[in-house]
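Visitor: with the sequence up front, the predicted model follows.
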Amino acid sequence: MIDYNIGLVNHNDLSGSFFHLDRDDPTVGFPYDASSFFGHTYPATPMQPLSPPPSTPTSPLPSELDTLNLRLRLGSHLAQHLRHRLEEQYGYTSTVGISTTKLVSKLVGNVNKPRGQTTIVPPYDGEESNVVAFLDAHDIGKIPGIGFKLAQKLRQHVLQRPPVHDAGLVYGGTEENVSVSDVRHSLGMCAELLEGILGGPGSQKGIGAKIWDLMNGVDDAEVGKARVAPRQISIEDSYIRLDTVEEVKRELQMLAGSLLRRMRTDLTEDDDEADFPVDGAVGQVTIAVPGKRRWLAKPRNLRLTTRPRQARNPDGSRVRCFKRISRSAPLPGFIFSLSESVDALVDKLVNETLLPLFHRLHPEKSGWDLSLVNVAVTNMAETATDDRDGTGRDIGRMFKRQESVLKEWRVEDKDALSSDHDNGLHRDMMLRDKPEVMQRVRDDSPHCMDLEPLVESTPDGNEEEDSWDGEERSFDAGDVCGTCGTMMPTFAMAAHLRYHTLPD
DNA sequence: GTGGGGGAG
DNA sequence: CGTTCTCCCCCAC
């Protein structure tokens, strides 16, 4: 069950991702000083104070509100930790939203850009819900899942007339301002009415209930795992004029070449971990085979898509048409040859597959004029799943795996600073997040404690060992408290150490 | 499995 | 900034 999401909204070249914690994960169970809070809140009010944390794991569970508070603080600690390391190690600033669902954490991740984090504070339910208040202020089209078409339908319903939008601009925004609140409070609004407005042939089943839930802050969408390979790879180009077979063939060769190179870089990996039996050796020895690559996933289908330009009207008016049409065929297996040259493979693919597809799409010898051509490979069949199923991004699972991961390097030394089993992370953490640093309070936000500056120079940090490349060691591994031996994720250690200093 | 609609970034 | 280039999921057939 997912009840906790942190949206990491992208900047620069990093794509957004979400982290979640399970309701029954052990995080809330370990002794933890959650009195600190990082970043901003929505609304800009102090978070509810917490009851003192239970002194032993067997103490009674905190109230529901305290649990929510605790989890939001924990989320802010995790977000701070991730943003901190992201900026320090890679130079990326980032913005994070912390809430209990993907919808809300994503939306609240849009505030305090480009270098901050924002948490929606309780209450989450009832008339005073901050979630509902936050959503209500948004334009209806800003809700993820409500794009241009659905937003226009909703605006039209609320306004009782077609919404006005910038003339001549297809992508232009609307001048009408219809908020989530306007839609929610419009006469007789409910899931069934929405289904009537938005539903129809081809539309998603239960779209009305889904949008109704979203507008009310209800979102049970799960945090998906990252995949090794995308579902499809496509390459396309648009054209002012493309109306001869010769030009089309040339463009198909261009596109297919790009696509094949993309496939080779994105869908293959170095196969330098091959096991070879070695004479006289017991067992197997790993020998690097430089340059050898293998396919991670093999697409099964090839799709050719075009966007024909609207036939010129008699008066020469331009009715922009964005309809695409496509034909697809099985992707021939020869394309996966890594020994043949791209050019040779492309030539074969264009002649044997793409041109036939094109003629299926445009049987007429001429008369068409294409404004866009797209070539895609789809229907990936993953080969030899390498256990890279993205479990490293599942924080709940990460905690559960800690027992076995940490068992072998549990430290007896009380002073974790001197341990060389900790990849430098523990020391790093303590230097950077020690209480004095965390207690610094910004003058302009009396209720928020911020780590400021976000990035502090760490003396003689070991760059190589401190990397989270592959996210296995540093991110996936946790820490052991030098005082009590409790295991927990690295980002939580500072708050745990503060717990030991709390008065009884 | 194929073709299309709608959406996100 | 608006537009383009990808990528996604869902649906009907």
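Guide: Nice, I can see it. The structure displayed is predicted, hence computed values, not measured ones. Numbering: from 1, shown residues only, chains lettered A, B, ... in the order given.
Visitor: what about residue A:212, how many residues nearby?
Guide: By the measure other C-beta atoms under 10 Å, the count of residues near residue A:212 is 21. Placement of C-beta: from N, CA and C, glycine included.
Visitor: keeping just the C-alphas, turn the stretch of helix or strand it belongs to into CSV.
Guide: Residue A:212 is part of helix A:207-215 when elements are defined by DSSP states H and E. This file holds the C-alpha atoms of helix A:207-215, laid out as CSV (Å, rounded to 0.1, in the frame of the first residue of the first chain):
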residue,chain,number,x,y,z
ILE,A,207,-12.8,8.9,-16.6
GLY,A,208,-15.4,10.9,-14.7
ALA,A,209,-14.7,9.2,-11.4
LYS,A,210,-11.0,9.5,-11.9
ILE,A,211,-11.1,13.2,-12.6
TRP,A,212,-13.6,13.7,-9.8
ASP,A,213,-11.2,12.0,-7.4
LEU,A,214,-8.2,14.0,-8.7
MET,A,215,-10.1,17.3,-8.2
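Visitor: flag every buried residue along whichever helix or strand comes after that helix.
Guide: Next helix or strand after helix A:207-215 toward the C-terminus (DSSP H and E): strand A:233-238. Across strand A:233-238, burial judged by 16 or more other C-beta atoms under 10 Å covers A:233, A:235-236.
Visitor: same check on stretch A:350-366?
Guide: Buried, per 16+ other C-beta under 10 Å, within stretch A:350-366: A:350, A:353-355, A:357-358, A:361-362.
Visitor: if we can go back for a sec, would TSV of the buried residues of strand A:233-238 with pLDDT and distance to residue A:340 be doable?
Guide: Shown next, in TSV, are those (pLDDT from 0 to 100; distance: C-beta to C-beta, whole Å):
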residue	pLDDT	distance to residue A:340
A:233	91	19
A:235	91	20
A:236	90	25
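Visitor: what are the boundaries of the helices in the stretch 251-400 of chain A?
Guide: Using DSSP state H, counting those that start in this stretch, the helices of the stretch 251-400 of chain A run over residues A:342-349, A:355-361, A:395-400.
Visitor: columns mean pLDDT and distance to residue A:186 on top of these, output as TSV?
Guide: Shown next, in TSV, are these (pLDDT from 0 to 100; distance: least, C-beta to C-beta, whole Å):
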stretch	mean pLDDT	distance to residue A:186
helix A:342-349	94	53
helix A:355-361	89	44
helix A:395-400	45	39
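Visitor: any idea how far residue A:492 is from the closest residue to DNA strand C within the stretch 301-450 of chain A?
Guide: Proximity of the stretch 301-450 of chain A to DNA strand C (C-beta to the nearest atom of the strand) peaks at residue A:372, 6.0 Å away. Using C-beta to C-beta, to the nearest Å, one gets 50 Å for the distance from residue A:372 to residue A:492.
Visitor: neighbour-wise, which of these two wins?
Guide: Neighbours were counted for residue A:372 and for residue A:492 using other C-beta under 10 Å; residue A:492 has more, 25 against 16.
Visitor: what helix or strand does the more buried one sit in?
Guide: Going by DSSP H and E, residue A:492 is part of helix A:490-501.
Visitor: buried set for that helix?
Guide: If you call a residue buried by 16+ other C-beta under 10 Å, then helix A:490-501 has these buried ones: A:490-499.
Visitor: can I get these in CSV with pLDDT?
Guide: Shown next, in CSV, are the buried residues of helix A:490-501 (pLDDT from 0 to 100):
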residue, pLDDT
A:490, 73
A:491, 76
A:492, 78
A:493, 78
A:494, 77
A:495, 77
A:496, 78
A:497, 83
A:498, 80
A:499, 79
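Visitor: which one among these gets closest to DNA strand C?
Guide: residue A:491 (28.4 Å).
Visitor: contacts only, for the closest one.
Guide: Contact analysis of residue A:491 by C-beta atoms under 8 Å, 6 or more residues apart in numbering lists A:77-78, A:80-82.
Visitor: possible to save those as a markdown table with secondary structure and neighbour count?
Guide: Compiled in a markdown table, these are given as follows (DSSP: H, G, I helix; E, B strand; the rest coil; neighbours: other C-beta atoms under 10 Å):
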| residue | secondary structure | neighbour count |
| --- | --- | --- |
| A:77 | helix | 24 |
| A:78 | helix | 24 |
| A:80 | helix | 25 |
| A:81 | helix | 22 |
| A:82 | helix | 20 |
